[in-house]
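**Student:** give me the fold of what follows.
(one chain, ligands or ions: 2)
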Amino acid sequence: MNEHAKPLTLSERADELEEHMMHELGERIATKSTLFNIADGNVEMPNGPALKAANPDKYFLMGADPRLPKMPAKPTLIDYFHNRFASLNHLLQSATHALKGGHSEKVVLACLLHDIGVASFIRCDHGYWGAQMIEPYVDEEVSWAVRTHQALRFFPDPSVGYEYPEMYIKYFGADYKPEPYIVREYERARNHKYYMTSRLICVNDIYSFDPNAKVDLNDFVDIIGRNFRQPEEGLGFDDSPSAHMWRTLMWPTRFL
Ligand SMILES: [Fe+2]
Ligand SMILES: [Fe+2]
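**Tutor:** Ligands and ions are numbered 1, 2, ... in the order given. Presented below is the predicted three-dimensional model:
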């Protein structure tokens, strides 16, 4: 009887995928970090010695993953937009609304970058992740606004016509209540000097889910140039406090 006739356990399935993946990579072994497995419901990580023993002729991948779009030697923010952000439409629509609304370049940039945490990295606490990624390169108004939209989007502000999003009722249920740390963040933010920048992210956010909207990253290249301090060495190679986050995006399957 074919051994595959019986259903595979999770870890057998993971082994099969692992094998398939290694096959694609030729002489290198790409490893999945614990987080990638946790997201599939498995608290486990590949066993290095066992993987190596099963593939004695291969080395672990310690750089670029050939399955992903190639990054230049000195990547810019725009390169990450094109090669690592899974979806640009929502970000571009938000920024386009802000631009048409006549808002400052800082507000436009904050809208353009507000969900890069989601687009490139992780949904959970994406405002915090996104803010940390950009903090060394933008004005503090921009990173503060990106961090704080994590909380503000759950709370209405009638002064700018922002209601609790209908979408969240559909997504999370009518009785969903934000966690206490989100409530505390909102309360701290209310009287902050950059409150309105973050609030404007929320205002432009809710109108930015039209799959047919015509948007173009080229509309924002100059604003990025004036407001995002692109490191000469390349984003990820500049030794800033968040350079490792960009490198991880560049090389997500590097062994160490
Ligand atoms: Fe967001
Ligand atoms: Fe958003």
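**Student:** ok, the residue in the stretch 1-150 of the chain positioned nearest to ligand 2 - contacts?
**Tutor:** The stretch 1-150 of the chain approaches ligand 2 most closely through Asp115 (4.2 Å), counting by Cβ to the ion. Yep, even glycine has a C-beta here, placed from its N, CA and C like the rest. Asp115 makes contact with His90, Leu91, Ser94, His126, Gly130, Asp205, according to Cβ atoms under 8 Å, 6 or more residues apart in numbering.
**Student:** can you pick out the most distant pair from these?
**Tutor:** Ser94 and His126 (13.7 Å; Cβ to Cβ).
**Student:** who's more crowded, those two?
**Tutor:** Ser94 (28 against 20; other Cβ atoms under 10 Å).
**Student:** give me the element that one is part of.
**Tutor:** Using DSSP states H and E, Ser94 maps to helix 89-100.
**Student:** where does the stretch 151-256 of the chain have low pLDDT?
**Tutor:** Scanning the stretch 151-256 of the chain with the threshold set as pLDDT under 70 gives no residue ranges.
**Student:** of all residues in it, which one is closest to ligand 2?
**Tutor:** The stretch 151-256 of the chain approaches ligand 2 most closely through Asp205 (4.1 Å), counting by Cβ to the ion.
**Student:** with adjacent residues omitted, what lies nearest to that residue?
**Tutor:** Ser94 (5.5 Å; Cβ to Cβ, 6 or more residues apart in numbering).
**Student:** how close does the one you found get to Trp144?
**Tutor:** 17 Å (Cβ to Cβ, to the nearest Å).
**Student:** right, and Asp216 touches Gln93 too?
**Tutor:** No. Applying Cβ atoms under 8 Å, one finds Asp216 not in contact with Gln93, separated by 10.9 Å.
**Student:** neighbour count winner among these two?
**Tutor:** Taking other Cβ under 10 Å, Asp216 and Gln93 do not tie; Gln93 has more neighbours (21 against 10).
**Student:** pLDDT score for that one?
**Tutor:** Looking at Gln93, its pLDDT reads 95.
**Student:** wait, isn't it in contact with Val215?
**Tutor:** Yes. Counting by Cβ under 8 Å, Val215 is a contact partner of Gln93 at 5.5 Å.
**Student:** so the residue of the stretch 151-256 of the chain closest to ligand 2 touches Leu152, yeah?
**Tutor:** No. Assessed by Cβ under 8 Å, Asp205 is found out of contact with Leu152, at 9.8 Å.
**Student:** surely Leu109 and Val138 touch.
**Tutor:** Yes. Leu109 lies in contact with Val138 (Cβ under 8 Å); the separation is 6.7 Å.
**Student:** more neighbours: which of these two?
**Tutor:** Leu109 (26 against 22).
**Student:** quick one: check the strand or helix carrying that one for contact with ligand 2.
**Tutor:** Assessed by DSSP H and E, Leu109 sits inside helix 105-113. No. Between helix 105-113 and ligand 2, judged by Cβ under 5 Å from the ion, nothing touches; the nearest distance is 8.5 Å.
**Student:** and the next helix or strand past that helix?
**Tutor:** helix 116-120.
**Student:** quick one: is the helix or strand just after that next one near ligand 2?
**Tutor:** Using DSSP H and E, the helix or strand that follows helix 116-120 in sequence is helix 126-134. No. In terms of Cβ under 5 Å from the ion, no part of helix 126-134 sits within range of ligand 2; the closest distance is 8.7 Å.
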